[in-house]
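Student: Fold the following and give me the result.
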Amino acid sequence: MTLSKKRLLVLAIATGSPLALASQTDSNGFIEDGRLDFLTRNLYWNHDRKNGAEDRREWGQGFRLDYRSGYSRGTVGFGVDASAYAALKLDGGRGYSNAVMMPDDGNGGTEREASSAGAAVKLRISATELKYGNNLRPYNPVFAAADARLVPGTATGLHLTSNELEGLSLEAAHLTAAKDFNSTNGDDDFHAAYAGVSTSTVNFLGGSYVVNDRFSFSLYGSEFEDIWRQYYANANYVYPINENQSLTFDFNLYKTDDEGRKLAGDIDTTAYSLAAAWSVGAHTFKLAYQKNEGDTPFDYLGLGPGTFHDSIYLANSSQIVDFNGPNEKSWGLFYDLELSRYGVPGLSIGARYIKGSDVDGSKMDAMSPYNYYGDKGSEEHWERGFDIRYAVQQGSARGLSFRLRQATHRIGNGASDISSDQVRLIVEYPYQIF
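Tutor: So this is what the prediction gives:
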């Protein structure tokens, strides 16, 4: 997660936005507070993999319909959330490996079209909400179901959120099944993305506290049953220099230990990152350092075999690679430009360069599912890329957005990954029906 996204979450809580601090006392009724949102997303994905590896190229169209009811009036309010998803393959095949957007058809290819639906019942007391269903989308440092393909990943289970105290946001969940972003099966397991092993149960607990408009921190813990227990801490501080300049410091820490039957083998890793960003007018310059102390990689959530979701908040996690190998350290340089300051509202540009070194997988157990990393010094690699975004700000097309993401990755021995180039083009249009 980028610094800018974190600050938006912090400000939402600090300023008491309705999303962050909604209370049952504000309820106008089940129907009266309901809303229906429609989202259409067009995604082109081109992953040019080097050294003879099969390329991945797909183009698809996704549709999402989200209904969120209000809450019935009274001390305890009841409501329901429901969603319908559809995905169409516009192009793909012809010798390419295509399992990025669409479900596997069982014959070496992918389906031409796919659809699914999900729902959750919910109740609210004061500013505490409990949901149960198969359409949950938690998004936090230890369990973040990604929404970066045609449709989002979802989970089944219980999800509790609470905002009873100003500035304090708490959540907990007991999850028992998953549906990946390229699947229609809502009964899949949760995966350790890098290890490739799975579990049927995930629990997490955590929260964030906004001390003031400058300082915030977060603490989370999770258990992937029989795989790992993972703990997370974050501190974010903004130092205003003047009205036009500020410094932002962001620290992230993960501690992961094996658990239960240890399906991913022995795990004892401490991964952390520290980023410092200088914002001056429309420009933001950021320097980040990241380190994984442990003989296995830092691993995180997958909702299906071979997919990677978003629960890695380390500063140098990037478009193609995460720079999270065993004992790996990395440095990242980032630049962002908001062109609204120059008369083009809605347009932003970002660029980055990250270099990783000291990957050493020689000390892990020979039977470890992570035993595909090279020896010390053999896997130096780097990634560079850019990100251009534009969103229409007014008129009938307001909210229509275009995003172009490009990344180039080069690695030495190709043991744990390969050199590749990737381009993604995303066009979205959200519309609130009522």
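
Student: Can I get the longest strand seen in the chain in CSV? Just the C-alpha atoms.
Tutor: Looking across the chain with DSSP state E, the single longest strand is strand 76-92. Only the C-alpha atoms of strand 76-92 are listed here, as CSV (Å, rounded to 0.1, in the frame of the first residue of the first chain):
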residue,chain,number,x,y,z
VAL,A,76,-30.0,-3.1,16.9
GLY,A,77,-30.2,-2.5,13.1
PHE,A,78,-30.3,-5.2,10.5
GLY,A,79,-29.4,-5.1,6.8
VAL,A,80,-28.0,-6.9,3.9
ASP,A,81,-25.3,-6.5,1.3
ALA,A,82,-25.3,-8.3,-2.1
SER,A,83,-23.2,-8.3,-5.2
ALA,A,84,-23.2,-9.8,-8.7
TYR,A,85,-20.1,-10.2,-10.8
ALA,A,86,-19.6,-11.0,-14.4
ALA,A,87,-16.4,-11.2,-16.6
LEU,A,88,-15.9,-11.6,-20.3
LYS,A,89,-12.8,-12.6,-22.1
LEU,A,90,-12.3,-10.2,-25.1
ASP,A,91,-9.0,-11.7,-26.2
GLY,A,92,-6.5,-14.3,-25.1
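
Student: So which other helices or strands are in contact with whichever strand or helix holds Tyr429?
Tutor: Per DSSP states H and E, Tyr429 falls inside strand 420-432. Packing partners of strand 420-432 (3 or more C-beta pairs under 8 Å, 6 or more residues apart in numbering; DSSP states H and E): strand 35-49, strand 401-411. Every residue, glycine included, has its C-beta placed from N, CA and C.

Student: repeat that with 10 Å
Tutor: Judged by 3 or more C-beta pairs under 10 Å, 6 or more residues apart in numbering; DSSP states H and E, strand 420-432 is in contact with strand 35-49, strand 56-68, strand 381-391, strand 401-411.

Student: what's the average pLDDT for the second one?
Tutor: This points to strand 56-68. Mean pLDDT, computed over strand 56-68, is 94.

Student: In it, which of the residues would be classed as buried?
Tutor: Arg56, Arg57, Glu58, Trp59, Gly60, Gln61, Gly62, Phe63, Arg64, Asp66, Tyr67, Arg68 (16 or more other C-beta atoms under 10 Å).

Student: cool, the third one as well?
Tutor: Judged by neighbour count (16+ other C-beta under 10 Å), strand 381-391 contains these buried residues: His381, Trp382, Glu383, Arg384, Gly385, Asp387, Ile388, Tyr390, Ala391.

Student: what's the answer for the last one, then?
Tutor: Within strand 401-411, the residues that qualify as buried by neighbour count (16+ other C-beta under 10 Å) are Ser401, Phe402, Arg403, Leu404, Arg405, Gln406, Ala407, Thr408, His409, Ile411.

Student: and Ser128, how many residues sit next to it?
Tutor: I think there's a mix-up here, since residue 128 is Thr and not Ser. Thr128: 15 surrounding residues under other C-beta atoms under 10 Å.

Student: What distance do you get for it to Val211?
Tutor: Counting by C-beta to C-beta, to the nearest Å, the separation of Thr128 from Val211 is 22 Å.

Student: Closest to the centroid, which residue in the chain?
Tutor: Geometric centre of the chain, nearest residue: Asp310, 2.5 Å, by C-alpha atoms, centre = their mean.

Student: Which of the three states applies to it?
Tutor: Recorded secondary structure, Asp310: coil (DSSP: H, G, I helix; E, B strand; the rest coil).

Student: got a list of what it touches?
Tutor: 1, 139-141, 143-148, 153, 300-301, 317 (C-beta atoms under 10 Å, 6 or more residues apart in numbering).

Student: Compute the distance between it and Phe143, please.
Tutor: Using C-beta to C-beta, we find Asp310 at a distance of 9 Å from Phe143.

Student: Common neighbours of these two, please.
Tutor: Tyr300, Leu301.

Student: shaky segments in this structure?
Tutor: 1-21, 93-99, 377 (pLDDT under 70).
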